[in-house]
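**Student:** sequence first, predicted coordinates after that:
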Amino acid sequence: MNRFIIGVACFLTLWLAFSGNTAFAGGETYKCYLCSDEGEFGKEQIAASEVYKDITFYFCMKECQADFQKDPEKYFKAMSDDYAFYFNKALAGYLGIQKALAKDSVADVQANAAKISANADVLAKLAPSSLDKDKLDNFVKNSAKIKSSADSMVKTEYTCSMHPQVKKDAAGKCPICGMDLVKKQLDIKTVRESFKGLSDAVIEFTKNFVSDKDKYSMFHCDMAPGSWIQDSKEPANPYFGSSMIKCGELQKWDAPAEKKDGHDGHDGHKDNKPGEHKDGGGHKHDGGMKMEPGQEAGCDCCK
């Protein structure tokens with residue numbers, strides 16, 4: 001009887017989270033593994049939390065926490081077998097970065113990288129019962145690689161406008177002149193380079209552990225060189241952005257990225273040096289930077 005009452009209360013709590021909280025749809029979501037498989041709720045609905053095996057469990061009611069404490073291993077297993085929930089949250093952050101870079105922007109890159117890191121950290125601590133030892137080892141290592149790649153994009157650096165050689169991890173005063181340090185703006189070329197490593201790790205995890213991967217598209221650009229994942233069918237190249245937005249060849253999930261000489265799908269450029277078209281205007285693709293005026297002519301992917 002008590003369980004029934006708790007279940008009804010949890011249902012009402014979650015229903016209110018979805019219907020009454022307008023901020024919930026775009027915010028962070030959590031799961032209470034004592035209610036139901038669909039027991040997702042927003043930050044405002046967290047009633048309690050508890051750390052077990054270095055993972056924080058969130059509860060929509062304090063009664064759920066009390067039940068959890070009776071058999072935490074049971075709910076750790078449920079959480080482990082639900083790893084797709086945490087990978088999908090990491091993937092949402094990844095896709096946010098991909099779309100920003102395709103638009104030549106670094107907007108929200110650090111926030112999305114932090115989201116990836118946090119959820120990859122959870123993944124690395126889980127132990128899905130469906131995996132044998134070898135696959136589990138690969139699962140943990142790949143999750144850790146996603147986290148480390150994302151962490152490299154989260155780092156914030158502060159410097160002095162008068163003494164750019166001064167670089168600190170936190171705000172403060174310049175040790176030379178005493179001026180306030182200012183937050184250094186992200187360099188899009190550096191972010192794009194870091195995104196390659198992140199993409200490799202996310203692609204590897206998706207290939208091996210994501211059952212519904214066919215709803216995502218994987219592309220490869222030989223000019224970058226690099227691969228990436230999208231949630232759309234038309235390529236939107238994150239490594240070159242608007243200068244080569246369509247440059248990318250769709251890949252099969254069950255096959256390695258196909259690499260060609262020269263430009264993806266453009267055999268006429270195969271004798272060119274990396275980043276250069278000798279025909280069609282002779283423009284250069286320099287690490288994602290836009291071409292100079294008058295150099296837009298060339299293959300279709302560069303228009």
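**Tutor:** Looks like it came in fine. Numbering: from 1, shown residues only.

**Student:** neighbouring contacts of stretch 96-114?
**Tutor:** Applying C-beta atoms under 8 Å, 6 or more residues apart in numbering, the contact partners of stretch 96-114 are 93-94, 115, 150-151, 153-154, 156, 185-186, 188, 191-192, 195, 198, 228-230, 236-239, 241-242, 245, 288, 290. Placement of C-beta: from N, CA and C, glycine included.

**Student:** pull out the buried positions in it.
**Tutor:** For stretch 96-114, a neighbour-count test (16 or more other C-beta atoms under 10 Å) marks 96-102, 104, 106, 109-110, 112-114 as buried.

**Student:** what's the answer for stretch 228-240, then?
**Tutor:** Within stretch 228-240, the residues scored as buried using 16+ other C-beta under 10 Å are 228-230, 235-240.

**Student:** gap between the two ends of it?
**Tutor:** For stretch 228-240, the first-to-last residue distance is 12 Å (C-alpha to C-alpha, to the nearest Å).

**Student:** what segments of this structure are helices?
**Tutor:** 2-20, 62-70, 72-81, 83-102, 109-125, 133-154, 188-209 (DSSP state H).

**Student:** generate JSON lines for these, with distance to residue 251 and mean pLDDT as supplementary columns.
**Tutor:** Converted to JSON lines, these look like this (distance: least, C-beta to C-beta, whole Å; pLDDT from 0 to 100):
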{"stretch": "helix 2-20", "distance to residue 251": "37", "mean pLDDT": "40"}
{"stretch": "helix 62-70", "distance to residue 251": "42", "mean pLDDT": "93"}
{"stretch": "helix 72-81", "distance to residue 251": "29", "mean pLDDT": "93"}
{"stretch": "helix 83-102", "distance to residue 251": "15", "mean pLDDT": "96"}
{"stretch": "helix 109-125", "distance to residue 251": "21", "mean pLDDT": "95"}
{"stretch": "helix 133-154", "distance to residue 251": "18", "mean pLDDT": "94"}
{"stretch": "helix 188-209", "distance to residue 251": "9", "mean pLDDT": "96"}
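
**Student:** what's the closest of the ones you listed to residue 180?
**Tutor:** With C-beta to C-beta as the measure, helix 109-125 is the member of these nearest residue 180 (20.4 Å).

**Student:** the closest one versus helix 72-81: what angle between them?
**Tutor:** Relative orientation of helix 109-125 versus helix 72-81 (axes from the mean of the first three to the mean of the last three C-alpha atoms, to 10 degrees): 120 degrees.

**Student:** show me the residues around the residue nearest the centre of the chain that make contact.
**Tutor:** Against the mean C-alpha coordinate of the chain, by C-alpha atoms, centre = their mean, the closest residue is residue 94 at 2.3 Å. Contacts for residue 94 (C-beta under 8 Å, 6+ apart) come out as 112, 116, 198-199, 202, 229.

**Student:** measure it to residue 102 for me?
**Tutor:** 13 Å (C-beta to C-beta, to the nearest Å).

**Student:** surely residue 61 and residue 47 touch.
**Tutor:** Yes - between residue 61 and residue 47 a contact is recorded at 5.1 Å, counting by C-beta atoms under 8 Å.

**Student:** what sits up against stretch 153-171?
**Tutor:** 97, 109-110, 113-114, 117, 172, 174-177, 179-184, 191, 194-195, 198.

**Student:** ok, now stretch 194-212?
**Tutor:** 83-84, 87, 90-91, 94, 97-98, 101, 113, 116, 135, 138-139, 142-143, 145-146, 149-150, 152-153, 213, 216, 218, 224, 226-229, 238-239, 253-254.

**Student:** now with 6 Å?
**Tutor:** The contact list for stretch 194-212 (C-beta atoms under 6 Å, 6 or more residues apart in numbering) reads 94, 142, 145-146, 149, 152-153, 213, 226-228.

**Student:** pull the most distant pair out of those residues.
**Tutor:** 152 and 213 (24.7 Å).

**Student:** domain map for this structure?
**Tutor:** 2-81, 107-211, 216-303 (automatic domain parsing).

**Student:** give me the distance between the longest one and the centre of its chain.
**Tutor:** It refers to domain 107-211. Averaging C-alpha positions (C-alpha atoms, centre = their mean, to the nearest Å) puts domain 107-211 9 Å from its chain's average.

**Student:** start and end of it, how far apart?
**Tutor:** Span of domain 107-211 from end to end, C-alpha to C-alpha: 30 Å.
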